[in-house]
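*Asks:* Can you look at this prediction? I've put the sequence above it.
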Amino acid sequence: MNRVICCAIAGMVATTLLTAGCNKPSVVQAEHIQPASVEKIEGSAISRVTLSEDAMKRLDVQTAAVTEQKSPRKDATQKAVPYSALIYDPQGNSWVYTSPDARVFVRAPIDVDFIQGDLVFLKDGPELGTAVATVGVAELYGTEFTVGH
């Protein structure tokens, strides 16, 4: 008799556990959020990269302004950017990623005069005060050219 009662109780427990799970979804659907969007700029080989807020945080993207610095090689000042902003393409052209709006980055050509310490002195480049990416630059380049996708 005890064996019959134990089997009945075990059966009820199993049924209760199985039934309890029926009201809950067995698979949670994750919403897919794009970390970045890339839009070609009309009439150009350059694209505009827009990062999501989460991507900005994960990459810890930081910017600094194009500044005017006393040139150690000339008796004048000239535009400069942090060395960390500089990126070269496979053809050896030099670029920085400007940030015209929050979370938006556009690759801009620069003409490097020389590099001294952590500064890149420019012959030509973005206007003074322009924000350029200094952290996450390689990731922006990879995103623009969908490297690894």
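*Replies:* Received it, and whenever you're ready, just let me know what you need.
*Asks:* give the contact list for Arg103.
*Replies:* By Cβ atoms under 8 Å, 6 or more residues apart in numbering, Arg103 lies in contact with 50-53, 56. The way it works is simple: take the backbone N, C-alpha and C, and place the C-beta from them, glycine included.
*Asks:* Let me have these in TSV, extended by distance to Thr134.
*Replies:* Shown next, in TSV, are the contacts of Arg103 (distance: Cβ to Cβ, whole Å):
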residue	distance to Thr134
Thr50	18
Leu51	15
Ser52	20
Glu53	19
Met56	13
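*Asks:* quick one: which of those residues has the most company?
*Replies:* Neighbour counts for the contacts of Arg103 (other Cβ atoms under 10 Å) peak at Leu51, which has 23 neighbours.
*Asks:* which residues of this structure fall in strands?
*Replies:* Under the criterion DSSP state E, the chain contains strands at 36-40, 47-51, 62-65, 67-70, 77-82, 87-88, 94-101, 104-109, 111-116, 119-124, 131-135.
*Asks:* Quick one: low-confidence residue ranges for the chain.
*Replies:* By pLDDT under 70, the weakly predicted segments of the chain are 1-32, 147-149.
*Asks:* please redo it, this time with the cut-off set to 90
*Replies:* 1-34, 73-75, 146-149 (pLDDT under 90).
*Asks:* Could you tell me how far Tyr88 is located from Pro109?
*Replies:* The gap separating Tyr88 from Pro109 is 11 Å, by Cβ to Cβ, to the nearest Å.
*Asks:* shared neighbours, the two?
*Replies:* 94-95.
*Asks:* got the contact list for Ile41?
*Replies:* 47-48, 106.
*Asks:* now swap in Glu144 and tell me
*Replies:* Contacts of Glu144 by Cβ under 8 Å, 6+ apart are 38, 47, 49, 107.
*Asks:* thought the first one was touching Thr143?
*Replies:* Yes - taking contacts as Cβ atoms under 8 Å, Val38 lies within contact range of Thr143: 6.4 Å.
*Asks:* intersection of neighbour lists for the two?
*Replies:* Val49.
*Asks:* For those two, indicate the residue with more neighbours.
*Replies:* Using other Cβ under 10 Å as the criterion, Val38 and Thr143 rank with Thr143 on top: 23 against 13.
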